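>>> Need coordinates for the following:
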Amino acid sequence: MSEGKPILVTAGILLRGQEILICQRHRSDPYGLQWEFPGGKVRNGEELKAALRRELEEELGIGAEVGEEVYRLCHRYPDRYVEVIFFRIESYRGEPVNRVFEAMEWAPRETLRRFNFLEADRDLVKLIAEGALV
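Have a look, this model is predicted:
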C-alpha cells in the first residue's frame, strides 16, 4: 500500500503580493477539511510542469505560468506514500475559481500556521510563514 515508489504530486504556490492561495480539501476527500496548496497527481509520462498546469486549470480554471521548483518532499501517510514537488506560480490568466475544494482563501503568509495543513505540508508552511521561502 504505502511501500515502493511514491505517488508523484505537483503543487502550486500562487502569490498575490504577500498573500498565498490555500485550499481546503473537500470534506468527503481523504484528509478532508485539511488545507493544502492546489495541485494533484502526475499522470504516467506527464512532465511535472505540464501536470501542474493541467491540475490548476481543472481545480481553479486558470492558465498558469509555472515557475521554478521551490520545495520537494516525501511523506508517508498511513494509506499512501507521496513525493510532492512545489512550484512558484507568479502569473496566470483568469481569476481562480473554486471548482473542487471545500473552501479557498488568499492568506497573508504570516497567518499560514493558523490553518490545519496536511501533515506533509507543515514544514513548508513554516518556512513560507517565516519568509524563508517563496
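>>> can you pull the contacts of residue 109?
18, 19, 20, 128, 129, 131, 134 (Cβ atoms under 8 Å, 6 or more residues apart in numbering). Just so you know, the C-beta spots here come from the backbone N, C-alpha and C atoms, and that holds for glycine as well.
>>> Just the ones of the residues you listed in strands?
Among those, the residues falling in strands (DSSP state E) are 19, 20.
>>> So which elements touch the top helix by length along the chain?
As assigned by DSSP state H, the longest helix anywhere in the chain is helix 48-60. Here helix 48-60 touches strand 7-16, strand 39-41, strand 63-76, strand 81-93, going by 3 or more Cβ pairs under 8 Å, 6 or more residues apart in numbering; DSSP states H and E.
>>> how far off strand 81-93 does that helix point, in degrees?
Angle between the axes of helix 48-60 and strand 81-93 is 70 degrees (criterion: axes from the mean of the first three to the mean of the last three Cα atoms, to 10 degrees).
>>> CA-only coordinates of helix 48-60 in CSV, if you can.
What follows is helix 48-60, C-alpha atoms only, in CSV (Å, rounded to 0.1, in the frame of the first residue of the first chain):
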residue,chain,number,x,y,z
LEU,A,48,5.9,17.9,-13.9
LYS,A,49,5.1,21.5,-15.0
ALA,A,50,2.5,20.2,-17.6
ALA,A,51,0.8,18.2,-14.8
LEU,A,52,0.6,21.3,-12.6
ARG,A,53,-0.8,23.4,-15.4
ARG,A,54,-3.4,20.8,-16.0
GLU,A,55,-4.4,20.5,-12.4
LEU,A,56,-4.6,24.3,-11.9
GLU,A,57,-6.9,24.5,-14.9
GLU,A,58,-9.1,21.7,-13.6
GLU,A,59,-9.2,22.9,-10.0
LEU,A,60,-9.1,26.7,-10.4
